[in-house]
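**Student:** everything below, folded, please.
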Amino acid sequence: MRFDQHTVVLLVRPADPPELPQDAIDRLRDAHLAHQAGLVEQGLVLATGPFLHPDDDQLRGFVVLSIAPDEARTLYANDPAVRAGRLVAQVASWLVPEGNVRFEGVPMPRSMLEAASGD
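**Tutor:** Residues are numbered from 1 along each chain as shown. Below you'll find the predicted structure:
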C-alpha cells in the first residue's frame with residue numbers, strides 16, 4: 001500500500017501562557033489568523049482550524065501542511081501567537097493511505113471579525 005505523507009501541527013495552549021490584557025489577546029489572535037491565511041495563500045497550508053470541545057482543553061488548533069516538518073517548525077516559530085508564548089506548535093508527520101484525504105483551496109479569515117461575519 002502506498003501512503004501520502006503530510007506534516008501536521010497541533011497548536012497547544014501552554015500550561016502557563018503569559019497574562020495579557022484582552023485587547024492585546026484580540027490583536028494577537030488577529031495576527032495569528034493573518035499568519036495562517038498568508039500560509040494558505042502561499043499554498044503551504046492545506047487545511048487548518050480550531051478544535052471545539054476537545055477532551056484536552058489545551059488543544060487549540062490543527063494544521064495540515066504540504067511541506068517538511070522542519071520547514072513547518074520554522075514557519076510556526078514565526079507565528080505571532082507562538083512568539084508571544086500563547087501557543088506552542090507541536091509538529092509531526094502524518095501518513096494516510098494514498099488518495100484517502102483530499103484538500104480543496106478555500107479562503108481563510110484574516111481576523112476574528114472576518115471569521116464572525118460568515119463571509
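**Student:** okay, now the unreliable bits of this protein?
**Tutor:** 118-119 (pLDDT under 70).
**Student:** point to the residue nearest the middle of it.
**Tutor:** Val63 (4.4 Å; Cα atoms, centre = their mean).
**Student:** got a list of what that one touches?
**Tutor:** Applying Cβ atoms under 8 Å, 6 or more residues apart in numbering, we find Val63 in contact with Val8, Val9, Leu11, Gln36, Val45, Ala47, Thr48, Ala72. Backbone N, C-alpha and C define where each C-beta goes, glycine included.
**Student:** how much space between the second one and Ala92?
**Tutor:** According to Cβ to Cβ, to the nearest Å, Val9 stands 8 Å off from Ala92.
**Student:** ok, the two, which is more surrounded?
**Tutor:** Using other Cβ atoms under 10 Å, the more surrounded residue of Val9 and Ala92 is Val9, with 24 against 11.
**Student:** show me the beta-bridge partners of that one.
**Tutor:** Counting by DSSP bridges, Val9 forms beta bridges with Val63, Val91.
**Student:** isn't it up against Pro69?
**Tutor:** No - shown here, Val9 and Pro69 do not form a contact pair, counting by Cβ atoms under 8 Å, at 9.0 Å.
**Student:** could you find the closest non-adjacent residue to Ala115?
**Tutor:** In this structure, Ala115 finds its nearest non-sequential neighbour in Pro109, 3.8 Å apart by Cβ to Cβ, 6 or more residues apart in numbering.
**Student:** longest helix of the protein?
**Tutor:** Of all segments of type helix in the chain, defined using DSSP state H, the longest is helix 22-41.
**Student:** partner strands of the helix or strand just after that helix, with direction?
**Tutor:** Helices and strands here follow DSSP states H and E; after helix 22-41, the next one along the chain is strand 45-50. For strand 45-50, the paired strands and their directions (DSSP bridges) are strand 59-65 (antiparallel).
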